[in-house]
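[1] the following block contains a protein sequence and its predicted model.
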Amino acid sequence: MSNCAIVGINWGDEGKGRMVDLITQDYDVVIRYQGGGNAGHTVMNEYGKFALHLLPSGIFSPGVVNILGNGVALDPESLWNEMEDVRSKGVALTPEKLKISERASLLLPWHRELDGLEEARLKDKKYGSTKQGIAPFYSDKYQKKTILAGELLYPRQLRAHLADILEWKNLTLQKVYGAPGYTMDEMMAWLEDYGEKIKPYLCNTTVFLREAQRSGKKLLFEAQLGALRDLDFGIVPYTTSSNAVAAYAPVGSGLPSARVDEVVGVVKAYSTCVGEGPFTCEWLGDEAEELRRAGNEYGAKTGRPRRVGPIDLVATRYGVEIQGATNIALTKLDVLSYMETIPVCTHYLLNGVRTDEFPFPAALPEARPVIESVPGWKCDISGARKWSDLPKAAQEYVLMIERAIGCRIGYVSVGPERDSIIIR
Ligand code: GDP
């Protein structure tokens, strides 16, 4: 019995979706344990191309049970739209295949609205939210002022609970932001509509996972975003509002006693970042545009052009440590094939002193990258399927990263398709 977590080592968008899609074939249960519809996993397979936001990437694999754990921000409206989209492309989604924790809290329409209102208030100091309501949702969860999905099964208690929360929430909406607020009727109508739709999928995931473990099933925990966006260990305040670290997987899944035996950390062969905040290796101008185009670096959720730069070994080493990665999947190596020489950030300079350590958030804007260049390979590597198919310079690039981050690179991805992978 061996459980595994797939996590992002950097700023997110490392290609976790494609790795989960590949690896799920060896697991029985795939679980999303944090985050919500604010990021997207892109998966390409025989059904087509999908940008998954809430659904676990295991939904395409026959026989795999998919779980949305108690740690996720459960927006029933977005989830339902995503389910309809996936179904329309021929993927069956039954309650046997998809299970939603009754302990997951609901992301309500006002969370989304508040996210937009707060970003507008912050103006040029905004955090770069995707405005999916995630930060207001998690704040309310920790204040115990939102609704558990399982309450949908208790209509009388639900109405009373909603009335209490609505009164409190309208105070904030109206008095702080001057917004109109919500009525009981509109909120109940929304809850009844989407509640009916997701009810069949609700279950006690703790019991389900316990039994799954007892019968020797293998669990795969799927994270959203990356270590540098983790609420506790990331670049605060430009983080997400949940814990994207592997250590949170057992808690957010519903089985706190579960062991995570293997942590596959996904690293992109160069750096990308969506949203605001310090990004030490950032390229601007033509160099950036060329890399962005080569890697098609536009946000899966928003279509925003991603900020890009060379691989950052300081940030990546930190991400590996925070995630406790035991194996690395290096993605998008093929994107670098156009470069004559490949720049690499090996260290930072902080107040003129060379450092290996990822700085504290307040010090990070002062950090300057130390860049070295290594030879490129200048040929198409997207057809490589074995380590020996890679040109020497590409092998050297991978080995250089492996040495610098102190963790074995077991997978090298050279294209978005399921089989465009080298397993070392
Ligand atoms: P995630 O949130 O970590 O799953 O990452 P995204 O879905 O935002 O970004 C990954 C993007 O890169 C998707 O469009 C993938 O299809 C694509 N992709 C993943 N691995 C590779 C690869 O090795 N090469 C190329 N060219 N594209 C890849």
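    Cool, got the structure.
[2] ok, the residue of the chain most remote from its centre to Asp164 distance?
    Among the C-alpha atoms of the chain, the one most distant from their mean position (Cα atoms, centre = their mean) is that of Arg156, at 35.5 Å. Here Arg156 is placed at a distance of 14 Å from Asp164 (Cβ to Cβ, to the nearest Å). For every residue, glycine as well, the C-beta is placed using N, CA and C.
[3] list the contacts of Phe60.
    Asp21, Thr24, Val43, Asn45, Tyr47, Val91 (Cβ atoms under 8 Å, 6 or more residues apart in numbering).
[4] just the buried ones from those, in PyMOL syntax?
    Only the buried members of the contacts of Phe60 enter the following PyMOL selection, criterion being 16 or more other Cβ atoms under 10 Å:
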select buried, resi 21+24+43+45+91
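[5] now, which of the contacts of Phe60 lie within helices?
    If you go by DSSP state H, those have Asp21 in helices.
[6] out of the contacts of Phe60, which are inside strands?
    Residues of these located in strands (DSSP state E): Val43, Asn45.
[7] which one of the contacts of Phe60 is nearest the ligand?
    Sorting the contacts of Phe60 by distance to the ligand puts Val43 at the head of the list, at 7.2 Å, by Cβ to the nearest ligand atom.
[8] OK, contacts around the closest one?
    Residues in contact with Val43, defined by Cβ under 8 Å, 6+ apart, are Gly17, Arg18, Val20, Asp21, Lys49, Phe50, Leu52, Ser57, Phe60.
[9] with Pro56 instead?
    With contacts defined as Cβ under 8 Å, 6+ apart, the neighbours of Pro56 are Val20, Val30, Ile31, Arg32, Asn66, Ile67, Leu68, Glu222.
[10] swap the cut-off to 7 Å and go again
    Counting by Cβ atoms under 7 Å, 6 or more residues apart in numbering, Pro56 makes contact with Val30, Ile31, Arg32, Asn66, Ile67, Glu222.
[11] how near is it to Ala223?
    Pro56 sits 11 Å away from Ala223 when distances are taken as Cβ to Cβ.
[12] Leu336 now?
    Distance of Leu336 to Ala223, computed by Cβ to Cβ: 25 Å.
[13] of the two, who's got more company?
    Shown here are Leu336 and Ala223; by other Cβ atoms under 10 Å, Ala223 has more neighbours (31 against 21).
[14] now check the strand or helix carrying the more buried one, is it near the ligand?
    When elements are defined using DSSP states H and E, Ala223 is found to belong to strand 219-226. No. On the criterion Cβ under 6 Å from any ligand atom, strand 219-226 is out of touch with the ligand, staying 7.0 Å away.
[15] identify the residues contacting that strand?
    Outside of strand 219-226, the residues within contact range by Cβ under 7 Å, 6+ apart are 3-12, 14, 16, 20, 23-24, 27, 29-35, 39, 56-58, 209, 212, 240, 244, 246, 249, 253, 258, 260, 319.
[16] list the strands paired with that strand, with their directions.
    According to DSSP bridges, the neighbouring strands of strand 219-226, each with its direction, are strand 4-8 (parallel), strand 29-32 (parallel).
[17] distance to Val314 and mean neighbour count for the ones you listed - can I get that in JSON lines?
    Putting the strands paired with strand 219-226 into JSON lines (distance: least, Cβ to Cβ, whole Å; neighbours: other Cβ atoms under 10 Å) gives the following:
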{"stretch": "strand 4-8", "distance to Val314": "16", "mean neighbour count": "27"}
{"stretch": "strand 29-32", "distance to Val314": "29", "mean neighbour count": "28"}
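[18] ok, which of these comes nearest Gly352?
    Ranking these by distance to Gly352, with Cβ to Cβ as the measure, places strand 4-8 first at 31.4 Å.
[19] secondary structure element for whichever residue of the stretch 51-200 of the chain sits closest to the ligand?
    Taking Cβ to the nearest ligand atom, the ligand has its nearest neighbour within the stretch 51-200 of the chain at Ala51, 7.1 Å off. Ala51 is part of strand 48-52, with elements assigned from DSSP H and E.
[20] so where do the strands sit in the stretch 51-200 of the chain?
    In order along the chain, the stretch 51-200 of the chain carries the following strands (DSSP state E, counting those that start in this stretch): 65-68, 73-74, 98-101, 105-106.
[21] my read: Gln132 touches Gly35, true?
    No. Using Cβ atoms under 7 Å, Gln132 is not in contact with Gly35, being 9.6 Å away.
[22] gap between whichever residue of the stretch 101-250 of the chain sits closest to the ligand and Pro310?
    Closest contact between the stretch 101-250 of the chain and the ligand, by Cβ to the nearest ligand atom, is at Gln224 (7.0 Å). Relative to Pro310, Gln224 is positioned 25 Å away (criterion: Cβ to Cβ).
[23] now swap in Val320 and tell me
    As defined by Cβ to Cβ, Val320 lies at a distance of 17 Å from Pro310.
[24] next one, pLDDT for Leu350 please.
    Model confidence at Leu350, expressed as pLDDT, equals 96.
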